[in-house]
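Colleague: have a look at this prediction, sequence included:
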Amino acid sequence: MSRVSETRPRRLHLPAIALGIGVMALANWWLGGWITPAEGEYRAGYLVILVALLLPGFLGALGSGLVAGHRRPTHGLMAALGMFAAEVIWGAAGGDLAIGTVVVRALGFAGGAALGGYAADRVGARLRSGRSRAGDGDASASDRAPLLAVDDLTMHYRTSDGWVSAVDGVSFELHRGEALGLVGESGCGKTSVAMSLLRLLPENAEFRGGSVRLNGIDLLDVTEDEMRTRRWSDIAMVFQGAMNAWNPVYTVYEQIREAMDTHFGGELAEEQIRDRVGELFDLVGLNRAMVDRYPHEFSGGMRQRAVIAMALSCDPQVIIADEPTTALDVIVQDQILEELKQVQTALGMSIIYISHDIAVIAEVTEVMGVMYAGRLVELGPTAEVFSRPRHPYTYLLLQSTPSVTGPRRVLAPLEGEPPNLVDPPTGCRFHPRCPYADQRCREENPTLEVIDPESGYGVACWNWTSVPLRTRKGVEA
Amino acid sequence: MTRPLVRVENLTKRFPIARNAFSRASEYVHAVDGISFDIAPGETLGLVGESGCGKSTTGKLMVKLLEASSGRIMLEQDGEMVDMAGITAKEDLRRFRHRVQMIFQDPFESLNPRRTVYDTIAEPLTVQRIGSVREREERAMRLLELVGLTPPSTFLFRYPHELSGGQRQRIAIARALVVDPAFVVADEPTSMLDVSIRISIMDLMLKLAEQLNVSYLYITHDLAVARYMCDRIAVMYLGKIVEMGNTEELLGNPQHPYTRALLASVPVPDPSHHREGADIRGGISKAINPPPRCRFIDRCPLAAEVCHTSDHPPLEVGNVGHLVACYRTEAVRL
Amino acid sequence: MIRYIARRTVQMFVLFIIFLTLTFLLLTALPGDTVKQRFATNPNIPPEAAQLAIERLGLDKPLWEQYSSYMWNFFRGDFGFSFLQYPRPVSDIILERLPRTLVLFLTVLVSYYILGFVAGKFIAWRRGRRGEHAITIGSVFLYTVFYPWFALMLIWFFAFYADVVPINKFLDPEEWVDAPFSSNHVFMVIFGVMLVAGTVALTLWILSRRIRDPARRKRTVWVGYGALAVVMLWFWYLSDFGSARRLYAGDILHHMILPVVTITLISFAGIMLLTRSSMLETMREDFILTARAKGLAEKTVRDRHAARTALLPVTTSLVIAVATVIDGGIITETVYSWPGMGELLFTSVVGQDTNLAIAAFSFVGVMAMVGHLVVDILYMFLDPRIRVTGE
């Protein structure tokens, strides 16, 4: 799959044009009689006019170019064009000026504006390249540097009952081409983590600390406008409700196209977008002819495939798959997971899977983290977490997961229920349900401690050495 | 074999697809199409299949939340098998509800938010006119204790919104069991619950089945859950039971290509386990006026001439110890 | 699509016959009748003459015969004549009243729907902020205020105190003294222009749905609307037909301003609250989250995703509103001395002018049914999920 090249968008920017026209009007007003030559002094007058109007034109275009945002510097030229047109119209319709005067005045404005626009372009381009160099520099520094580094992320929700400590000191890293899983029960904060990465939290959410660094840039630090350009083009998402991720009144093509329009600007021709959406449909195993259908004409599984296609449409560096198969039947779930795995291998994609289903995480990830009550309690290579869980919660969760393979066994239930996060337990948040808890667990909060530097295996438990080895059979029937 | 508690014969439910007010429906969804099974006293039968296969419709037919289009639902009553499919008299229905109860999927929807736990649990007793107010309260307390909500007095006058999902499902179980039913239909009772709570609810249901000698029809989409809960499993596909047998027998040696695909698709909580993908084509459709041949034919990797020319295969004991509805079981084995 | 419309038309026809029959029976069942009042109980008219009149009107025949001859005449386009305004034919009176009502109330309908929708969209999006409370309180106050009082206050302020609009009536008699056209003719022209422009705009929008490229589609639609505007300008300013009538049409439109503003102000709160709740529901949907995650600007998410989808239930409520367009609202027509269908329905029923009443009611019925069909067709284009059944 080809990456779509990043060139500058060229589209009308109304504020820029409006500003240009405004400057022109002001100049006309202030310079009034001075730039309208009296009878008989045309020859000298024209030159005066031309020179007199270069400066307002220049300043107007520079200003409007910068107002239009450094992302779209060509709007300086747009402003010049706007001024030119406005002047011609104003002169022709309003004032009873000689045609020569009108043309010269328009040329004066436009000349100045062209120079100003060019200047704005240069300034904008410099600003932009400076920024993107900063990003690229970090990325190319080392392949071993993580693509995404979440550090000590802490986020609270304001509710009528008080502050809900939804995410508390979560840290993990995602490397290029890696599939990472976050597993946990509902309310454990896994979806809140995902939404934090995209900064798509409801209004009552508040970051209390930490950072989310993508290629070294802290996403919690950038402006909202900047964040908007990074959504989907840097981090895309496959949402939980495959059924509801599509707006029912637009075709699937229109909705994919909308994302591409936003991030590639207007420079992709219709045919290019169509080709690309077709390619993406091929990639996820959908018929190209379906692109112009409405979402309700797709089955659940097809809709989720199309969601994956949409997630890939803007060449994201990271895809977050939040319960990508939860609403689907088991056969379709299997097909979708297979599809995601293939896409990941084919494109070298980095994926974060979020699921309550530990079996799904087992199948698709290389690294997994276990979340409980807003905290990451265990993090390590998936195979190792399953074969030798260190945290009592992970251990008990695995012991209480039924399976269709292996010997039939009696499952050990996890007693109690997850805590209320308005008033979480002191110390380790799992201690009220933990059979290995002691005084220290009730008082001190264990942080994620790396116990194996080789694999980076980490566990947040004071007594992880007491957790027994996991038997394949569980408790024998 | 012991006498069955429940015997279902040729149970069928068709839903008309309404066209408009001026013309009669000519198309029907064959949601449940001539299924038959027995459930012994104290036994749990699992009904497994994908969404739209008719398993929930079957459950609703069994408790008469829906009227069957045809077929018989026999229930053992005072030593005799009585057909329940046709009863309409109020008194008969009341007696029927005394013997048969249901537990629903969503504990947030199935409890009335304006009624206390006591109101909810005691309601079947009130309807059945059992006991005095005091006795009902005592009974409700005992049930709460039985479902693990202790001490019961602290729960008795709470409202559902004050309870967690797991606690609500325990209330729903208590309500179903308060009239001492012989047979309970449980429609995905744990699918809305979190993993850590799921097992305790399933254990509770198993314990109560043993203590109170209740039979369950356990409806689920999750084969792993069915394996944990059920003595026998029936696999449904588009309104037909395609395979039925003892749990371990069936899961260890699946015969129907659909069962095999289903089994092959279940993710395994073990990264070291390598799983073959499912051999199946296309997606599930709807059984709208289906032709009489095998329902699975369009997705079947083994479909042969005989499948196209014959009626839907009957559910028969093949070469294995359980029932299969497939002409091509020999091919499966290869 | 064609088949759907054909089927609906047949259904509508059957429904209409039932409607007409019931109206006929209901009105003839009313105790007392005009003819008896006018002739039989009038001491100045000899009983034989009264009897003769009744016989000539066929009112002595059995009900069944009256009914069948009425129906026969009705479908030949003969609605009889009015008793109250004897001997004007009913069709004449209705043709005079209908355009007045349609022009006024269609404008009102469009304006309060648009205002309600935009306001609803705005307050839903800015939920919990100060703007929402101000708009909600203000509009609900207007919604619940005693309407005739409010209308009189507006008339006092704008027409009397500020004197920017005429006080009432639908035209200024002084300007029409030597007018070459009747007011009815001008109303017809205005209505015709509204109808043609509306249909063209709607058709343009519907046809543009076929263009796949969104940018091109948008361009096509705007070029189309621009062309429509140019044609309108040409019609009113340059064409002989239009420019001759422009001043008279302008006078009528000038008289329309106050009633339109009044009814819009008192009615938009209903649509606004409907849009608001519909928007709030839509905003909870996953596809709104998806749209945000795609990096779309907030305005795009609001207009293209939330509001467009929230429009569906609002369109449904249009069905009910269409009926009120025809019957007009007696209060409005009385307060503004705007004799239209509402006033006609009222006087004809009170005056027991059976012919006029049945015909007026049947027009309301027909228009309501046609409006219903139009809304249903519109809905099919708004909601792609409906289209499948339409084919």
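Modeller: Cool, got the structure. Numbers count the residues shown, from 1 in each chain, chains lettered A, B, ... in the order given.

Colleague: which stretches in chain B count as strands?
Modeller: Under the criterion DSSP state E, chain B contains strands at B:6-16, B:28-39, B:44-48, B:70-77, B:80-83, B:100-103, B:183-187, B:215-220, B:232-237, B:240-246, B:316-317, B:323-324.

Colleague: which parts of the fourth one are buried?
Modeller: It refers to strand B:70-77. B:71-76 (16 or more other CB atoms under 10 Å in any protein chain shown). Yep, even glycine has a C-beta here, placed from its N, CA and C like the rest.

Colleague: shaky segments in chain B?
Modeller: Within chain B, the ranges that satisfy pLDDT under 70 run B:1-2, B:18-25, B:332-334.

Colleague: counting neighbours, what do you get for C:Val223?
Modeller: 11 (other CB atoms under 10 Å in any protein chain shown).

Colleague: give the contact list for the spatially most central residue of chain B.
Modeller: For chain B, B:Ile219 is the residue whose C-alpha lies nearest the centre (CA atoms, centre = their mean; 3.1 Å). Counting by CB atoms under 8 Å, 6 or more residues apart in numbering or on different chains, B:Ile219 touches B:46-47, B:55-56, B:58-59, B:185-188.

Colleague: and these near chain A, which?
Modeller: By CB under 8 Å from any CB of the partner chain, no member of these lies near chain A.

Colleague: so what does the single nearest residue of the stretch 101-250 of chain A relative to chain B have for phi and psi?
Modeller: Using CB to the nearest CB, the single residue of the stretch 101-250 of chain A nearest to chain B is A:Glu185, 4.0 Å away. Main-chain torsions, A:Glu185, degrees, to the nearest 10: phi -80, psi 170.

Colleague: ok, now the one 3 residues further on?
Modeller: Here is the backbone geometry of A:Cys188 (degrees, to the nearest 10): phi -80, psi -10.

Colleague: does the residue nearest to A:Arg231 when sequence neighbours are not counted belong to a helix, a strand or coil?
Modeller: Distances taken as CB to CB, 6 or more residues apart in numbering or on different chains place C:Gly295 nearest to A:Arg231, at 3.7 Å, with adjacent residues excluded. In three-state terms, and counting by DSSP: H, G, I helix; E, B strand; the rest coil, C:Gly295 is coil.

Colleague: what does the pLDDT read for C:Gly295?
Modeller: Looking at C:Gly295, its pLDDT is 90.

Colleague: related to what we said a few turns ago, would a markdown table of the buried residues of strand B:70-77 with distance to A:Phe264 be doable?
Modeller: As requested, the buried residues of strand B:70-77 are exported to a markdown table (distance: CB to CB, whole Å):
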| residue | distance to A:Phe264 |
| --- | --- |
| B:Gly71 | 60 |
| B:Arg72 | 64 |
| B:Ile73 | 61 |
| B:Met74 | 66 |
| B:Leu75 | 66 |
| B:Glu76 | 69 |
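
Colleague: which of these sits closest to A:Pro432?
Modeller: B:Leu75 (44.6 Å; CB to CB).

Colleague: could you find the closest non-adjacent residue to that closest one?
Modeller: In space, B:Leu75 is closest to B:Met84, 5.0 Å off (CB to CB, 6+ apart).

Colleague: what's the burial count for that neighbour?
Modeller: Considering only other CB under 10 Å, B:Met84 is surrounded by 23 other residues.

Colleague: that one reaches B:Lys64, doesn't it?
Modeller: Yes. Between B:Met84 and B:Lys64 there is a contact under CB atoms under 8 Å: 7.0 Å.

Colleague: what is in contact with those two at once?
Modeller: With CB under 8 Å, 6+ apart, B:Met84 and B:Lys64 have common neighbours B:96, B:100.

Colleague: sorry, back to before: columns distance to B:Gln255 on top of the strands of chain B, output as a markdown table?
Modeller: Below are these laid out as a markdown table (distance: least, CB to CB, whole Å):
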| stretch | distance to B:Gln255 |
| --- | --- |
| strand B:6-16 | 22 |
| strand B:28-39 | 17 |
| strand B:44-48 | 15 |
| strand B:70-77 | 25 |
| strand B:80-83 | 30 |
| strand B:100-103 | 31 |
| strand B:183-187 | 26 |
| strand B:215-220 | 20 |
| strand B:232-237 | 10 |
| strand B:240-246 | 6 |
| strand B:316-317 | 11 |
| strand B:323-324 | 4 |
